[in-house]
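# fold the stuff below for me.
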Amino acid sequence: MKQQLDANLFIRLRNQTLYTEYPYYSTNDKPQTCYFPHSVINCLREQIIADLEKTNTELEYSDVLYFTSNLTRPAESAAWACMFDFCISVLKCHHDKRKWQVIQQLIQKSGFLFMYEYVCIAINRPSKLSYDEENLLHGDEEPARQQTNLL
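Reported below is the predicted structural model:
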């Protein structure tokens, strides 16, 4: 998309659609913000380590760091997808229809992606979560976490 639009138009469009509160290029009065705080990654990393310790799996901490270092959340790309959709639908920019369809499905249906050079692990976004009286994830006659097929 960027190559099909004038550079200044692309920057203005991006700033007006994606970063209305926090522009892409930080200014003193509007600094750039992180949309996926490191605390989420740290919580996930700690949970993976705790789960591995329960199963006595002999993995090194560096293995867990490698696994979690390529973690992304497709929902964070939804703003970019909205801008791409505008460029495709309104500005009639050329695009690969199959790639665009895959991007849309990933954003809509996956919760996390672990992306590596030759492999991508996509984790489905839950469609239903059930809790008990103590607000813990729990299901009596059905799974506590239900999901739809990703692709």
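# count of neighbours near residue 114?
15 (other C-beta atoms under 10 Å). Backbone N, C-alpha and C define where each C-beta goes, glycine included.
# the strand or helix carrying it packs against which elements?
For residue 114, the element it lies in under DSSP states H and E is strand 110-115. Helices and strands touching strand 110-115, by 3 or more C-beta pairs under 8 Å, 6 or more residues apart in numbering; DSSP states H and E, are strand 71-72, strand 120-124.
# assign residue 52 to helix, strand or coil.
helix (DSSP: H, G, I helix; E, B strand; the rest coil).
# quick check, it in contact with residue 63.
No. Taking C-beta atoms under 8 Å as the definition, residue 52 is not a contact partner of residue 63, at 9.1 Å.
# could you dump the helices and strands packed on strand 110-115 to a markdown table with mean neighbour count and distance to residue 12?
Formatted as a markdown table, the helices and strands packed on strand 110-115 follow (neighbours: other C-beta atoms under 10 Å; distance: least, C-beta to C-beta, whole Å):
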| stretch | mean neighbour count | distance to residue 12 |
| --- | --- | --- |
| strand 71-72 | 16 | 26 |
| strand 120-124 | 15 | 32 |
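# redo those strands as JSON lines? Include mean pLDDT.
As requested, the helices and strands packed on strand 110-115 are exported to JSON lines (pLDDT from 0 to 100):
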{"stretch": "strand 71-72", "mean pLDDT": "78"}
{"stretch": "strand 120-124", "mean pLDDT": "83"}
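# export those strands as TSV, with columns for distance to residue 3.
Putting the helices and strands packed on strand 110-115 into TSV (distance: least, C-beta to C-beta, whole Å) gives the following:
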stretch	distance to residue 3
strand 71-72	23
strand 120-124	25
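# and those: which comes nearest residue 44?
Closest of the helices and strands packed on strand 110-115 to residue 44 is strand 71-72, at 6.8 Å (criterion: C-beta to C-beta).
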